[in-house]
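1. Pasted the sequence and its predicted model underneath.
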Amino acid sequence: MTVIKRYEELKSIKQELAARDWFPGTSGNLAIRTAHAPVEFLVTASGKDKRVTTAEDFVHVDAAGQLIGEQLGRPSAETLLHVEVFNRTAAGCSLHVHTIANNVLSELYGDRGEIRFSGQEIIKALGRWEEDAEVIVPIIENHADIPTLAAAFSKHVTANQGAVLIRNHGITVWAPTAFEAKKHLEAYEFLFNYTLTLHSCRQAIH
Ligand SMILES: CSCCC(=O)C(=O)COP(=O)(O)O
Ligand SMILES: [Zn+2]
């Protein structure tokens with residue numbers, strides 16, 4: 001029952017993110033937890049056009065990201081990042097997308113290793129309601145070798161919700177529920193687009 005429910009939840013998120021055009025060129029992968037001990041989760045199958053809905057969109061994997069039993073399709077090439085999220089935290093959902101805004105911002109701030117946001121109402125969508133709340137998003141270098149990338153990523157997976165920008169690659173966001181993970185992803189993308197637009201407008205004025 002839980003697996004079917006989670007499958008439907010992830011399918012719905014995939015369709016919503018596809019409607020925003022956040023899966024260019026087959027990029028992106030999504031994962032949702034189906035069990036805690038031992039860890040099991042559903043993850044998007046690798047290399048597929050995530051804007052299209054098929055019966056083989058997700059595969060069910062274990063704590064190491066290996067297929068549970070015989071299934072059609074391969075787990076996402078970046079499953080190891082979701083493995084880190086589900087093994088290190090109690091998060092229920094982990095979402096990864098490539099957008100122009102998250103790629104450009106990751107390059108602009110990549111040498112600093114992080115980007116900080118404050119003074120924005122949308123920060124409340126991340127569960128931060130304090131007047132002077134500051135949100136820090138770490139930026140890690142991209143690595144073609146996924147175990148190396150997952151090791152760099154794992155250093156920042158320290159709470160049940162969070163986000164990491166991968167330089168010139170994309171963002172991974174995780175949270176306790178699928179609803180929160182999607183809400184947070186939208187809030188981060190809002191902050192990224194706002195920041196880039198502000199930079200451009202300031203340059204145009206000066
Ligand atoms: C086509 S973009 C390169 C791979 C990638 O970064 C990605 O997010 C999609 O890989 P997957 O194996 O999950 O389809
Ligand atoms: Zn990716």
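-> Structure received. The model shown is predicted, which means the values in this text are computed figures rather than measured ones. Numbering: from 1, shown residues only. Ligands and ions are numbered 1, 2, ... in the order given.
2. In this protein, which helix is the longest?
-> Across the chain, the longest stretch assigned as helix under DSSP state H is helix 178-205.
3. tell me what it is packed against?
-> In terms of contacts (3 or more C-beta pairs under 8 Å, 6 or more residues apart in numbering; DSSP states H and E), helix 178-205 is packed against helix 2-19, strand 93-97, helix 100-108, strand 114-118, strand 162-166, strand 170-175. Using the backbone N, CA and C atoms, a C-beta is placed for each residue, glycine as well.
4. what angle sits between it and strand 93-97?
-> Interaxial angle of helix 178-205 relative to strand 93-97 (axes from the mean of the first three to the mean of the last three C-alpha atoms, to 10 degrees): 30 degrees.
5. quick one: buried residues of helix 178-205?
-> Neighbour-count burial for helix 178-205 flags 178, 180-193, 195-196 (criterion: 16 or more other C-beta atoms under 10 Å).
6. ok, back up a step: any chance of the helices and strands packed on helix 178-205 in JSON lines, plus mean neighbour count and mean pLDDT?
-> Shown next, in JSON lines, are the helices and strands packed on helix 178-205 (neighbours: other C-beta atoms under 10 Å; pLDDT from 0 to 100):
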{"stretch": "helix 2-19", "mean neighbour count": "15", "mean pLDDT": "98"}
{"stretch": "strand 93-97", "mean neighbour count": "27", "mean pLDDT": "99"}
{"stretch": "helix 100-108", "mean neighbour count": "18", "mean pLDDT": "98"}
{"stretch": "strand 114-118", "mean neighbour count": "15", "mean pLDDT": "98"}
{"stretch": "strand 162-166", "mean neighbour count": "24", "mean pLDDT": "99"}
{"stretch": "strand 170-175", "mean neighbour count": "26", "mean pLDDT": "99"}
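7. Of these, which is nearest residue 55?
-> Of all the helices and strands packed on helix 178-205, it is helix 2-19 that lies closest to residue 55, at 10.6 Å by C-beta to C-beta.
8. what angle do that closest one and strand 93-97 make?
-> On the basis of the same axes, to 10 degrees, helix 2-19 is oriented at 20 degrees to strand 93-97.
9. near ligand 1, which residues of the chain?
-> 25-29, 44, 46-47, 76-78, 96 (C-beta under 6 Å from any ligand atom).
10. I appreciate the help and will end here.
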